[in-house]
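Participant: Compute the structure for the input listed below.
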Amino acid sequence: MRPNAIKRMLADGKTVLNGWCAIPNSYSAELMSHAGFDSVTIDLQHGPVDFRDAVPMLQAISTTNCTPMVRVPWNEPGIVMKLLDAGAMGVICPMINTREEAEAFVSYGRYAPDGQRSNGPNRTMQYNGADYQPNANKEILLFAMIETTKALDNLDEILKVPGLDGTYIGPTDLSLTMGKPPLLDPTDAGVLEAMRTICDKTRKAGLIAGVHTDGPKSAAKRFKEGFQLCTLLNDARILLTGAQNFVKEARGEAPTAAAKGY
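Facilitator: Numbers count the residues shown, from 1 in each chain. Modelled structure (predicted):
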């Protein structure tokens, strides 16, 4: 089976810069995967991407050395299994709030005896090789999104779930559940402390700490804080911000600031 490149990077103590695709288009996914990211995640939770869009997007990413990942719309077995069968090498699952929810998510992403994933690896057999089934459990990465106060309260138990590879913070939802403005680069002391707690506890458990950011400066800051995987703005936001700045520069105006939320 094809080795999961970012899993090996992380095992070697390196950090991972993750791209994010919200535009339901294989050409956009191909461009993002040629931009220099270590991995590119297709977002099926927020925005217009569905499974039919995701398959050609995974094919486009697979033309490069980028590791293809997905964020599923919800903690539901069918879509997790279909996207893994389509070639995803990592799955980020939103709104994991309890140990039981984390256990269910992991079971969807692992073949027996470690889980309940059904056997039918269609496209991923071509991408990853004929020996996919016996090796998939140790190569696929599974991330639980920690983005609520309930998840924060249950974090210690979530981190004990066998087969879970890491956590991924959604700063805007975490901020909202704490009664604060939904910012990708939070400024509230309580939210920042919660993020540090999630990162520190995840690392101490031997798992991967990931987070969404609003751009290069905040990603660099999060890496210094100990996060191992950071995502920049999605392709739609990068396109919009870049276009706005070109227009403003042509008109002699100040550039657009980085996005504060989704």
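Participant: show me where the stretch 101-250 of the chain has strands.
Facilitator: 141-146, 166-169, 208-212, 229-231 (DSSP state E, counting those that start in this stretch).
Participant: Mean neighbour count, mean pLDDT and distance to V106 added to these, as a markdown table?
Facilitator: To be clear about C-beta, it is placed using only N, CA and C from the backbone, and glycine gets the same treatment. What follows is the strands of the stretch 101-250 of the chain, written out as a markdown table (neighbours: other C-beta atoms under 10 Å; pLDDT from 0 to 100; distance: least, C-beta to C-beta, whole Å):
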| stretch | mean neighbour count | mean pLDDT | distance to V106 |
| --- | --- | --- | --- |
| strand 141-146 | 26 | 98 | 6 |
| strand 166-169 | 26 | 98 | 12 |
| strand 208-212 | 27 | 98 | 14 |
| strand 229-231 | 26 | 98 | 18 |
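Participant: how about those strands in a markdown table, adding distance to P255?
Facilitator: A markdown table is the format used below for these (distance: least, C-beta to C-beta, whole Å):
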| stretch | distance to P255 |
| --- | --- |
| strand 141-146 | 31 |
| strand 166-169 | 28 |
| strand 208-212 | 22 |
| strand 229-231 | 22 |
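Participant: dump the residue contacts of N65.
Facilitator: Contacts for N65 (C-beta atoms under 8 Å, 6 or more residues apart in numbering) come out as A5.
Participant: On the three-state scheme, it is what?
Facilitator: Assigned with DSSP: H, G, I helix; E, B strand; the rest coil, N65 falls in the coil class.
Participant: and A136, what pLDDT?
Facilitator: What the model reports as pLDDT for A136 is 98.
Participant: quick one: low-confidence parts of the stretch 151-262 of the chain?
Facilitator: For the stretch 151-262 of the chain, the stretches flagged by pLDDT under 70 are 258-262.
Participant: thinking again about what came up before, go through the strands of the stretch 101-250 of the chain and name the closest to L183.
Facilitator: With C-beta to C-beta as the measure, strand 208-212 is the member of the strands of the stretch 101-250 of the chain nearest L183 (10.8 Å).
Participant: got the CA coordinates for that closest one in PDB?
Facilitator: Extracted as PDB, the C-alpha positions of strand 208-212 are listed here (Å, rounded to 0.1, in the frame of the first residue of the first chain):
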ATOM      1  CA  ILE A 208      -1.700  14.700  16.300                       C
ATOM      2  CA  ALA A 209      -2.900  18.200  17.100                       C
ATOM      3  CA  GLY A 210      -4.400  20.000  14.200                       C
ATOM      4  CA  VAL A 211      -6.200  23.400  13.800                       C
ATOM      5  CA  HIS A 212      -7.800  25.600  11.200                       C
END
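Participant: That strand relative to strand 141-146, how many degrees between them?
Facilitator: Relative orientation of strand 208-212 versus strand 141-146 (axes from the mean of the first three to the mean of the last three C-alpha atoms, to 10 degrees): 60 degrees.
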